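> I would like the atomic coordinates for the input below:
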Amino acid sequence: MTIRTRHDAIIRILRRTTVATVDTLAVEVGVSRRTVLRDIGALRDQGFVILSECGPGGGLQLEPRSVQTASQLSVVEVFALLISVATMRDARTFPFSDLADTGLAKIERALPPEKVRDLRALLDCLHVGRLSPLQDISGVGPVDPALLPAFELAFLQRRRLRFDYDDAKGVRTEREVEPQAMLILPPLWYLVAWDPRRTDFRHFRMDRISVPSVVEGSTFRRRRVPFEDDVCPFRDLKG
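Down below sits the predicted model:
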């Protein structure tokens, strides 16, 4: 039984019983008393409210309304929520942004410390701006769902990203770049990366990226992206 499976089993037992002792839980999940105590601490850290009562008739009790929410979300899931709110707010199409911000703040507070660290590292790579009226937005397509999970590994582990890219003329090439930032200029989304072959920054429209994969064993250094010089890549000249 894995740790996650054991935790799920403990929560199921606590939900179906009024009170359960540590010894009872240990027998039911097949581990030691010490392991159960460690599991209870971990479940509390995840957001479950588990009450304990000493003495005869006492034991562990799960608060009926207790649910695990944010801890079940992955870093990229929370990141996707954050960038969605940020994008709609910037486009002035989201009248409830304050409530969304409050809810997202609660989610972040409930996340384990390591997830918060990764989430903030991803947010540090995110830039949201306004699209210039000179920008061509014709032919905007959907973004490959595999791109965001690939970004998580590439940005957090500083791994190169390899993908196929269709330029503005429809010519497909394979690229291998060092991801530096994500630029959102609704409705266009860009990966801003350092291209080692061209020794310069390049903007890649995300809807033109396909078959993304992280290059194992590769590493690179984080660079300062000069957004103040060129926030909007007009006509995709840098793709």
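> domains in this structure, by residue range?
Domain assignment for the chain by automatic domain parsing gives 3-62, 75-236.
> same question for stretch 51-64, mean pLDDT?
Stretch 51-64 shows a mean pLDDT of 80.
> what does it contact?
11, 14-15, 18-22, 24-25, 40, 48-50 (C-beta atoms under 8 Å, 6 or more residues apart in numbering). All C-beta spots, glycine's among them, are computed from the backbone N, C-alpha and C.
> can we see that at 7 Å?
Here stretch 51-64 makes contact (C-beta atoms under 7 Å, 6 or more residues apart in numbering) with 11, 14-15, 18-22, 40, 48-50.
> CA atoms of that stretch as PDB?
Coordinates of each C-alpha in stretch 51-64 appear next as PDB, following Å, rounded to 0.1, in the frame of the first residue of the first chain:
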ATOM      1  CA  LEU A  51      -9.700  16.000  16.200                       C
ATOM      2  CA  SER A  52      -8.200  13.900  18.900                       C
ATOM      3  CA  GLU A  53      -9.800  13.100  22.300                       C
ATOM      4  CA  CYS A  54      -7.900  11.400  25.200                       C
ATOM      5  CA  GLY A  55      -9.300   9.000  27.800                       C
ATOM      6  CA  PRO A  56     -11.800   6.100  27.700                       C
ATOM      7  CA  GLY A  57     -14.000   6.300  24.600                       C
ATOM      8  CA  GLY A  58     -11.700   8.800  23.000                       C
ATOM      9  CA  GLY A  59      -9.800   8.600  19.700                       C
ATOM     10  CA  LEU A  60      -9.600  10.400  16.400                       C
ATOM     11  CA  GLN A  61     -12.500  12.100  14.700                       C
ATOM     12  CA  LEU A  62     -12.700  13.700  11.300                       C
ATOM     13  CA  GLU A  63     -14.600  17.000  11.300                       C
ATOM     14  CA  PRO A  64     -17.600  16.200   9.100                       C
END
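> need the longest strand for the protein.
In the chain, assigned by DSSP state E, the strand with the most residues is strand 172-185.
> in the sheet, which strands lie alongside that one, parallel or antiparallel?
Its sheet considered, strand 172-185 pairs with strand 126-128 (parallel), strand 161-166 (antiparallel), strand 188-195 (antiparallel) by DSSP bridges.
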